[in-house]
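Colleague: Take this sequence and fold it.
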Amino acid sequence: MGSTASTGGGGAPTGAGGTAETGRRAQPTRRTSPQFSPDSKGAAFAAHQLRLVMQADFTPRVLLNAKERRVLACLDRVLADEAPSWRAMGQVSLGEVIASKDEKAYFAVNSKRVDLLIVDAECRPLFAIEYQGTGHHLGQTAVARDAVKMEALRKAGIGYETIRPGDTPAELRTLVRKFVGQRAA
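Modeller: Next up, the predicted model:
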């Protein structure tokens, strides 16, 4: 188990527009029309978005890949034994669990996600866990994106660890015990 960062979704592109490791589709780049930007406010922007959505087709996607699901199931069992009031959640947007008065800094992390987030009984974020699969650092910007996430979480006081494909359930239990010890200190 390391303490380096992960994108949780990076990897080599596959023929279907996803990544070799996760099977998730790469997120399209954000494009705005000249008259509407993400900063636009009001009914006109909402109506524009509604038109876009009404014209598009949508399909559900699996939230976690098979390996991440196995890690989540194991983590749920370990938490039930070691910290029964804690819960694990998958693919959590950092914009939902950290804040900054610096708008530019906030938008730098707003859409980034962590693979797994451990929360307490009041859903306060405690620890982020990133699963670094075999294709994780194949992208040229993965290391930089990971550093952004890790620093934002550190500054927010949220613990951060990575796990890898070879990590065992016993190692995950040891990691959770470490988290419990940190919270007790």
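
Colleague: would you list every one of the helices in this structure?
Modeller: Defined through DSSP state H, the helices belonging to the chain, from first to last, are 43-55, 66-82, 94-97, 103-109, 142-155, 169-184.

Colleague: Residue 122: which of those is closest?
Modeller: Taking Cβ to Cβ, helix 94-97 is the member of the helices of the chain nearest to residue 122, at 12.4 Å. Placement of C-beta: from N, CA and C, glycine included.

Colleague: hey, C-alpha coordinates of the closest one in PDB?
Modeller: Output in PDB follows, covering the C-alpha atoms of helix 94-97 (Å, rounded to 0.1, in the frame of the first residue of the first chain):
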ATOM      1  CA  LEU A  94     -14.200  16.200  -4.600                       C
ATOM      2  CA  GLY A  95     -16.400  19.200  -5.200                       C
ATOM      3  CA  GLU A  96     -19.000  17.600  -3.000                       C
ATOM      4  CA  VAL A  97     -16.700  16.900   0.000                       C
END
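
Colleague: is it possible to export the helices of the chain to JSON lines including mean neighbour count?
Modeller: Putting those into JSON lines (neighbours: other Cβ atoms under 10 Å) gives the following:
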{"stretch": "helix 43-55", "mean neighbour count": "10"}
{"stretch": "helix 66-82", "mean neighbour count": "16"}
{"stretch": "helix 94-97", "mean neighbour count": "18"}
{"stretch": "helix 103-109", "mean neighbour count": "14"}
{"stretch": "helix 142-155", "mean neighbour count": "17"}
{"stretch": "helix 169-184", "mean neighbour count": "15"}
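
Colleague: do you know which of the ones you listed lies nearest residue 120?
Modeller: Scanning those with Cβ to Cβ as the criterion, the closest one proves to be helix 169-184, at 8.3 Å.

Colleague: Make JSON lines out of the helices of the chain and add mean pLDDT.
Modeller: Output for the helices of the chain, formatted as JSON lines (pLDDT from 0 to 100):
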{"stretch": "helix 43-55", "mean pLDDT": "95"}
{"stretch": "helix 66-82", "mean pLDDT": "96"}
{"stretch": "helix 94-97", "mean pLDDT": "97"}
{"stretch": "helix 103-109", "mean pLDDT": "96"}
{"stretch": "helix 142-155", "mean pLDDT": "93"}
{"stretch": "helix 169-184", "mean pLDDT": "96"}
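
Colleague: can I get the ones you listed in CSV with distance to residue 116?
Modeller: Conversion of the helices of the chain to CSV gives the following (distance: least, Cβ to Cβ, whole Å):
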stretch, distance to residue 116
helix 43-55, 29
helix 66-82, 6
helix 94-97, 12
helix 103-109, 17
helix 142-155, 13
helix 169-184, 10
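
Colleague: show me what contacts residue 172?
Modeller: By Cβ atoms under 8 Å, 6 or more residues apart in numbering, the contact list for residue 172 reads 71, 74, 75, 78, 163.

Colleague: one more time with 10 Å
Modeller: Under the criterion of Cβ atoms under 10 Å, 6 or more residues apart in numbering, the contact partners of residue 172 comprise 1, 71, 74, 75, 77, 78, 79, 129, 161, 163.
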